[in-house]
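**Student:** structure for the following, please:
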Amino acid sequence: MKHIITKALTVVAVLAAIGIGANVRAETIETRIGKLSFTHDFANGYPTKETVEKLYDERDFQRACQTYLWALPIVAFAQDQEQSRTVFGAGDLDLGLSVTYEERLGILTPNVVTPYLGALPDLGKTGPLMIEVPAGAIAGMVDDFWQRPVTDLGLAGPDQGKGGKYLLLGPGQTVSQTDGFIVVRSSTMNVAIFLRNLETDPEKAERLLKQFRFYPYAQRENPPMNRTVRPGSRKWSMTQPRGLAYWGRLADIINREPVQERDRIMMAMLRPLGIEKGKPFKPDERQKKILTEATLVGEAMAKANDFDKRQMELSHYRGGVQWHLSLCLDPSQEAEFYTQLDERAAWFYEAATTSKGMVTKTPGLGQVYLGSYKDKDGNWLDGANTYRLHVLPNAPVKQFWSLTIYDVDTRSLIQNQQKLADRSSRQPDLVKNADGSVDLYVGPTGPKGCEQNWIPSVPGRAWFAYFRLYAPTEAHFNRTWTLPDFEKVK
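**Tutor:** Numbers count the residues shown, from 1 in each chain. The predicted structure is shown next:
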């Protein structure tokens, strides 16, 4: 008995020596991340070693999921730049031209009607750039690599479709002479220059493409010619890569760009994940595991955030329908009291670029992007089903409207055997009803007599739709003309 008492006193003395009283009551609590254990009750206790490791892993995983959503716009442009360099050999002063169905398969939610012309130069290598925009029906823009607009070009830009010379400066860049130029500045060294050729006459359209030029300011007296490259049948994609490659692309572009004040807290979140400006990306096994899983959960969050939008007031089209305004953020990506994190993640997961012309409320200018992922009954759109979209007569457009179908996986054109993803009012053989309305169909097989109005879907694959209004008129803005939902039909 004396031996037992002595042993008990020794235990109490040891506990007291390490600061734990005799009334030790360890506690384990249940949480959404599993059991967490503490030396005392939760309020007074230290986390056990196993719990500390679990909490650090969970902290880093949560940070990785949120930085995944935050980085979507810059990773998309960095991926586009890398692909254009390595797949079809475009340099800083080369123009990429996409015209065919196959050439657009690498673009996030492209339209099919108008050709795309673009470049992704690094101003750190080229120095300030001159951009010559010809007069004509061109809608274009310059974006920084966070996909924020630097300037519109063409009809919605300062030149108003009359043509002009733009001087593009990067962070810290200056020039001695700016007279006669439209001077614009990017917040990033890498920039994106994109144009859509809206000219309907083929000869005029070809001439506009050839007249568009850009070159270093230092070579303005004898500017070099731009080389035009086309993807052809080569496979490429600006879709953000999955797995560890996402973080490798992010780490690379972070090292090539200045850190902006609004992003300093996000940069702090990246540090324990092995991503830090000025340092190589060499994640250890623990970091690799967390980052790889975070791209899976992060993309799942992006899908929910995009395809089932919540608390995004600017996405509202009208009550009682599944259509919404896909571009539901200010082009600056800023609201009065916060940066539009969820809004920009929703847009840049499925699409690319912003400009003031893409959200203008001026009738007869810009574009409107109506998006839909569900049918009239609220069910997800499925490639195994057939749907009808009834386009009412007198669509509110000064130029044209188009319906384009996209694959949920790639967020690019639906890949069917017919290589057909679009129907539009520019289509000469479109079958119209007696009142001028149009019934469009999306499904595995086309309706007899209306094959010209049909877009083939692929069973086993989900899809979503954009209905574009080019140069929307007042009837869109006051909602006197609205678009009905997709209806499932036999």
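
**Student:** list the contacts of the residue most central in space within the chain.
**Tutor:** The structure's the chain has its C-alpha centroid closest to residue 348; by CA atoms, centre = their mean the separation is 1.5 Å. By CB atoms under 8 Å, 6 or more residues apart in numbering, the residues touching residue 348 are 72, 73, 76, 147. No exception for glycine: its C-beta is placed from N, CA and C like everyone else's.

**Student:** wait, what's in contact with the third one?
**Tutor:** What it means is residue 76. Neighbours of residue 76 in contact, by CB under 8 Å, 6+ apart: 108, 147, 238, 239, 240, 348, 352.

**Student:** try the first one
**Tutor:** Residue 72 makes contact with 240, 302, 344, 345, 348, 349, according to CB under 8 Å, 6+ apart.

**Student:** so what pLDDT did it get?
**Tutor:** Predicted confidence (pLDDT) at residue 72: the value is 98.

**Student:** what's the helix or strand for it?
**Tutor:** helix 49-86 (DSSP states H and E).

**Student:** tell me which residues of that helix are tucked away?
**Tutor:** 51, 54, 58, 60-61, 63-84 (16 or more other CB atoms under 10 Å).

**Student:** what residues does stretch 215-222 touch?
**Tutor:** Contacts of stretch 215-222 (CB under 8 Å, 6+ apart): 93, 126, 127, 128, 129, 130, 167, 175, 223, 224, 226.

**Student:** distance of the fourth one from residue 312?
**Tutor:** Look at residue 128 and residue 312: by CB to CB, to the nearest Å, they are 37 Å apart.

**Student:** circling back: pick out the most distant pair among the contacts of residue 72.
**Tutor:** Maximum pairwise distance among the contacts of residue 72 (CB to CB): 13.3 Å, between 240 and 344.

**Student:** those two: which is more packed in?
**Tutor:** residue 240 (28 against 24; other CB atoms under 10 Å).

**Student:** report the contact partners of the closest residue to that one other than its chain neighbours.
**Tutor:** Sequence neighbours aside, residue 75 is the residue nearest to residue 240 in space, at 4.8 Å (criterion: CB to CB, 6 or more residues apart in numbering). By CB under 8 Å, 6+ apart, the contact set of residue 75 is 240, 241, 246, 249, 250, 253.

**Student:** by neighbours, which of these wins?
**Tutor:** Busiest of the contacts of residue 75 [other CB under 10 Å] is residue 240, holding 28 neighbours.

**Student:** my read: that residue touches residue 248, true?
**Tutor:** No. Between residue 240 and residue 248 there is no contact under CB atoms under 8 Å: 11.7 Å.

**Student:** what packs against the helix or strand harbouring residue 152?
**Tutor:** Residue 152 belongs to strand 149-154 when assigned by DSSP H and E. Under the contact criterion of 3 or more CB pairs under 8 Å, 6 or more residues apart in numbering; DSSP states H and E, strand 149-154 touches strand 129-133, strand 138-144, strand 164-169, strand 182-185, strand 191-197.

**Student:** and residue 455, its phi and psi?
**Tutor:** phi -120, psi 120 (degrees, to the nearest 10).

**Student:** count of neighbours near it?
**Tutor:** What residue 455 shows, counting by other CB under 10 Å, is a neighbour count of 23.

**Student:** and it, what does it touch?
**Tutor:** 403, 405, 414, 420, 421, 422, 423, 440, 441, 442.

**Student:** and if you look at residue 148?
**Tutor:** So residue 148 contacts 187, 331, 332, 333, 354 (CB under 8 Å, 6+ apart).

**Student:** before I go, just wanted to say thanks for your time.
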